[in-house]
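Colleague: Based on what follows, work out the 3D shape:
(one chain, ligands or ions: 1)
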Amino acid sequence: MQITEAPLAVTVVVGSNRHGRFGPVVADWLLDRMRDRDDLAPTVLDVAEADLPTTFAPTTEARAALSAVTPKLAAADAFVVLTPEYNHSYPAALKNLIDWHFTEWRAKPVAFVSYGGISGGLRAVEHLR
Ligand SMILES: Cc1cc2nc3c(=O)[nH]c(=O)nc-3n(C[C@H](O)[C@H](O)[C@H](O)COP(=O)(O)O)c2cc1C
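Modeller: Residues are numbered from 1 along each chain as shown. Below you'll find the model as predicted:
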């Protein structure tokens, strides 16, 4: 008997929304490698897609913006969070994306890909953990 499994739906969260950001270069590198594998079905959720303000609770405008990205988290079996390091941590918009969802993340595995200056994003990933 042959067991066939559907590819794992992996949402790659691009954490930087800075103008002139380097993030898409790293995301393309990662996606190239993921697409080589038949067992992964990657989807990209770019925090720049949703204009997430840095308020503590989502504003009405932010709730509307979130409706476009929440389904990509909900549909994922697993996540790869791609993050740069800003001032020894990760970007504010990524924090909002995390804080403003709950069940969408729950009980799903997450991996991290980081980049940055001298530490390569090590401290950003430490905060995310
Ligand atoms: C506001 C700001 C703060 C930064 N702080 C750090 C830092 O603490 N450590 C580090 O290694 N790199 C730091 N960097 C360098 C960034 O990690 C690097 O420029 C990275 O490419 C930024 O990602 P992005 O271009 O996708 O936004 C900082 C960059 C910015 C813009």
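
Colleague: low-scoring stretches of this structure, by residue?
Modeller: Filtered on pLDDT under 70, the chain yields the residue ranges 1-3, 52-56.

Colleague: Which residue, other than its chain neighbours, is closest to residue 76?
Modeller: Leaving aside its chain neighbours, residue 76 sits nearest to residue 11 (3.7 Å; criterion: CB to CB, 6 or more residues apart in numbering). All C-beta spots, glycine's among them, are computed from the backbone N, C-alpha and C.

Colleague: Tell me how far residue 49 lies from the ligand.
Modeller: According to CB to the nearest ligand atom, to the nearest Å, residue 49 stands 15 Å off from the ligand.

Colleague: burial count for that residue?
Modeller: By other CB atoms under 10 Å, 14 other residues sit near residue 49.

Colleague: contacts for the helix or strand residue 82 falls within?
Modeller: Taking DSSP states H and E as the criterion, residue 82 maps to strand 78-84. Contacts with strand 78-84, where a contact means CB atoms under 8 Å, 6 or more residues apart in numbering, come from 8-16, 18, 21-23, 26-27, 30, 34, 42, 73, 90-91, 94, 105, 108-116, 121, 124-125, 128.

Colleague: and it, how far from the chain's centre?
Modeller: Centroid separation for strand 78-84 versus its chain: 4 Å, with CA atoms, centre = their mean, to the nearest Å.

Colleague: Okay, now the sheet partners of that strand, with direction.
Modeller: Using DSSP bridges, strand 78-84 pairs in its sheet with strand 8-14 (parallel), strand 110-115 (parallel).

Colleague: next structured bit after that strand?
Modeller: helix 92-99.

Colleague: Between strand 8-14 and that next one, find me the angle.
Modeller: Helix 92-99 and strand 8-14 are oriented at 140 degrees to each other (axes from the mean of the first three to the mean of the last three CA atoms, to 10 degrees).

Colleague: buried residues in helix 92-99?
Modeller: By 16 or more other CB atoms under 10 Å, the buried positions in helix 92-99 come out as 93-98.

Colleague: cool, and stretch 10-25?
Modeller: Applying 16+ other CB under 10 Å to stretch 10-25 flags 10-17, 21, 23 as buried.

Colleague: now do stretch 68-81
Modeller: Across stretch 68-81, burial judged by 16+ other CB under 10 Å covers 69-70, 72-73, 76, 79-81.
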